[in-house]
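Student: Give me a model of this one.
(one chain, ligands or ions: 2)
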Amino acid sequence: MLTAHRASILHFLADPEKVLPDESYQYFEDGILLVEDGKVHTLGHSEDLLADLDASVEIHHHQNCLLLPGFVDTHIHYPQTEMIAAYGEQLLEWLEKYTFPTEAQFGDKDYAGDIAERFLDELLRAGTTTALVFGTVHEASVDAFFEACEKRNLRMIAGKVMMDRNAPDYLTDTPESSYIESKALIEKWHKRGRLQYAVTPRFAPTSSDEQLQRAGQLMEEYPDVYLHTHLSENPDEIAWVSKLFPDSVNYLDTYDTAGLLGRRSIFAHCIHLSDEEWSRMAETRSGIAFCPTSNLFLGSGLFPLGRAVKQDINVGLGTDVGGGTSFSLLQTLNEAYKVLRSRGEQLSPFKGFYLATLGGAKTLDLTQYIGNFEHGKEADFVVLDKACTPLMEFRMSKCKSLFEELFVFSMLGDDRAIRQTWSAGVRVHDREQ
Ligand code: GUN
Ligand code: ZN
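Tutor: Ligands and ions are numbered 1, 2, ... in the order given. Coordinates of the predicted model:
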């Protein structure tokens with residue numbers, strides 16, 4: 001069963017900073033994406049493909065829209081949906097005052113399921129089709145999340161928080177219980193359909209050395225699961241880590257000695273890394289989630305993207321909701337641009353949209369499944385509306401190039417720009433419905 005989508009279509013084949021920018025993407029001003037059984041069949045120009053299409057093929061004509069691969073959010077907390085936009089604190093106080101009390105509710109699986117549904121609604125409204133997601137310390141929080149994802153057939157990665165100290169009693173596990181529960185969740189969910197598991201110690205301050213070792217044991221026993229945590233977000237946090245781990249040479253070392261670094265390890269933030277930490281991240285092929293709305297909101301600092309590029313480290317975009325202030329990767333690109341301008345760095349719209357799609361997929365080691373429209377990949381895509389608001393329509397009418405249009409989408413766009421979202425060839429969000 002073939003379905004056709006007609007629109008302006010853009011996707012990336014490589015990082016625009018690694019090849020000539022024009023060779024990093026393909027753009028079809030009047031393009032067709034042919035989808036078969038949830039997978040990409042063909043991508044091409046309408047004039048080449050339309051004539052040969054069987055009359056029985058349904059054609060969705062997305063007028064005045066730009067069709068892109070679904071966005072990839074490389075760091076987000078689903079239980080924090082209800083506490084997005086909590087006033088006035090930096091990281092450690094924000095965790096104590098808002099985050100921990102909120103997360104306490106997720107031992108109740110029905111409650112967790114309701115929030116998971118609302119969270120997925122928001123993700124899809126934002127055009128995000130894949131995310132790397134924190135649960136809470138409760139096993140039930142992850143069951144509830146994966147059940148909600150499975151019903152919608154979404155490609156998602158998530159895990160149970162491991163946290164055995166420096167948090168309220170009602171939110172802590174133990175090295176042993178966190179190991180046993182994580183293992184059970186891996187056995188149940190990892191690679192079930194489109195779902196994958198991430199071993200998820202919250203961050204070094206809330207895990208004992210013994211618990212980090214247990215996380216490492218899981219990584220050894222299940223070499224293809226992910227590792228997902230926070231690293232070097234805030235100066236007070238970093239100072240605390242050096243007190244809690246006097247034998248570690250730096251923050252990253254607390255994870256390194258437990259065997260937690262590698263190609264499928266994703267560290268959120270990485271704002272204040274030392275030269276040694278940058279080198280070790282590169283050596284181990286570990287990935288970074290750049291979370292600009294969160295970093296600005298919590299006053300954490302300005303991520304040096306250029307440094308990561310120089311070290312050839314994979315970077316994706318993260319919203320980090322609820323530390324982040326929007327589910328939208330368009331809004332995230334807006335703030336990423338400003339963070340980098342404040343550092344004297346640039347973020348071209350091509351690099352920005354690469355990060356939101358193929359770059360995110362690469363950081364999550366998912367390019368065999370998603371990230372662009374190569375034949376056989378899963379048909380996850382988003383339809384952006386060039387006339388979603390009067391100002392957007394007016395500004396777009398003045399654009400003379402794709403470069404300008406992309407930049408305008410990233411500066412003015414948010415959930416209103418997401419006309420539709422499709423996952424595995426099925427429409428999972430329609431702004432008009
Ligand atoms: N570090 C440890 N936990 C968290 C969290 O929930 N959000 C953010 N932004 N940083 C953290
Ligand atoms: Zn986070």
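
Student: Show me what from the protein comes close to ligand 2.
Tutor: Ala268, Asp320 (CB under 5 Å from the ion). (C-beta placed from N, C-alpha, C; glycine too.)

Student: Which single residue in the chain comes nearest to ligand 1?
Tutor: Gly323 (3.4 Å; CB to the nearest ligand atom).

Student: Show the backbone phi and psi for that residue.
Tutor: Dihedral pair for Gly323: phi -70, psi -30, per degrees, to the nearest 10.

Student: That one: how many residues sit nearby?
Tutor: 30 (other CB atoms under 10 Å).

Student: confidence score at it?
Tutor: Looking at Gly323, its pLDDT stands at 98.

Student: so it makes contact with Gln80?
Tutor: Yes. The criterion here is CB atoms under 8 Å, and Gly323 meets it with Gln80 at 7.4 Å.

Student: Against Ala361, how distant is the residue of the chain closest to ligand 1?
Tutor: Distance, Gly323 to Ala361, using CB to CB, to the nearest Å: 23 Å.

Student: Kindly report the same for Pro223.
Tutor: Per CB to CB, Pro223 is found 20 Å from Ala361.

Student: The two: which is more packed in?
Tutor: Regarding Pro223 and Ala361, a neighbour count based on other CB under 10 Å identifies Ala361 as having more, with 26 against 8.

Student: Check which helix or strand the more buried one maps to.
Tutor: helix 360-363 (DSSP states H and E).

Student: any weak-confidence spans in the chain?
Tutor: Within the chain, no range satisfies pLDDT under 70.

Student: what about 90?
Tutor: 1, 20-22 (pLDDT under 90).

Student: in the longest helix anywhere in it, what's buried?
Tutor: As assigned by DSSP state H, the longest helix anywhere in the chain is helix 109-125. Buried residues in helix 109-125, counting neighbours by 16 or more other CB atoms under 10 Å, are found at 109, 112-113, 115-117, 119-125.

Student: and what of stretch 268-282?
Tutor: For stretch 268-282, by 16+ other CB under 10 Å, it's Ala268, His269, Cys270, Ile271, His272, Leu273, Glu277, Trp278, Arg280, Met281.

Student: cool, and stretch 334-354?
Tutor: Quick answer for stretch 334-354 (16+ other CB under 10 Å): 334-337, 339-340, 345, 347, 349-354.

Student: which ones among the buried residues of stretch 268-282 are found in helices?
Tutor: Residues from the buried residues of stretch 268-282 lying in helices, with DSSP H as the criterion: Glu277, Trp278, Arg280, Met281.

Student: and those residues, which two are the farthest apart?
Tutor: The span of these, defined through CB to CB, is set by Trp278 and Arg280 at 7.4 Å.

Student: Contacts for the helix or strand following the helix holding Ala361, please.
Tutor: As assigned by DSSP H and E, the chain's next helix or strand after helix 360-363 is strand 381-385. Contact partners of strand 381-385, identified using CB atoms under 8 Å, 6 or more residues apart in numbering, comprise 5, 7, 33, 62, 64-71, 127, 129, 373, 392, 409, 413, 416-422, 431.

Student: Name the next helix or strand downstream of strand 381-385, please.
Tutor: helix 390-397.

Student: hmm, who's touching that next one?
Tutor: Helix 390-397 has contacts (CB under 8 Å, 6+ apart) with Asp385, Lys386, Ala387, Glu405, Val408, Leu412, Gly413, Arg416, Ala417.

Student: so where do the strands sit in the stretch 101-250 of the chain?
Tutor: Assigned by DSSP state E, counting those that start in this stretch, the strands in the stretch 101-250 of the chain fall at 128-134, 155-159, 161-162, 195-201, 226-231.

Student: Kindly calculate the angle that the first one makes with strand 195-201.
Tutor: Per axes from the mean of the first three to the mean of the last three CA atoms, to 10 degrees, the angle that strand 128-134 makes with strand 195-201 is 30 degrees.

Student: so His77 makes contact with Ser141?
Tutor: No. Between His77 and Ser141 there is no contact under CB under 8 Å: 10.4 Å.

Student: For Gly44, what is the enclosing helix or strand?
Tutor: strand 39-45.

Student: Only C-alpha atoms, please: export that strand in PDB.
Tutor: Output of strand 39-45 as PDB, limited to C-alpha atoms (Å, rounded to 0.1, in the frame of the first residue of the first chain):
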ATOM      1  CA  LYS A  39       8.600   3.000   5.600                       C
ATOM      2  CA  VAL A  40      10.100   5.400   3.100                       C
ATOM      3  CA  HIS A  41       9.800   4.100  -0.400                       C
ATOM      4  CA  THR A  42      10.900   6.900  -2.700                       C
ATOM      5  CA  LEU A  43      11.700  10.600  -2.500                       C
ATOM      6  CA  GLY A  44      11.800  12.700  -5.600                       C
ATOM      7  CA  HIS A  45      10.500  15.600  -7.700                       C
END
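
Student: which residues of the stretch 51-200 of the chain fall in helices?
Tutor: 91-94, 100-103, 109-125, 139-152, 175-189 (DSSP state H, counting those that start in this stretch).

Student: Pro235: which of the ones you listed is closest?
Tutor: With distances scored as CB to CB, the stretch of those nearest to Pro235 is helix 91-94 (9.4 Å).

Student: buried stuff in that closest one?
Tutor: Neighbour-count burial for helix 91-94 [16+ other CB under 10 Å]: Leu91, Leu92, Trp94.

Student: cool, stretch 238-258 as well?
Tutor: Using 16+ other CB under 10 Å as the test for burial, stretch 238-258 gives 238, 240-241, 244-245, 248, 250-258.
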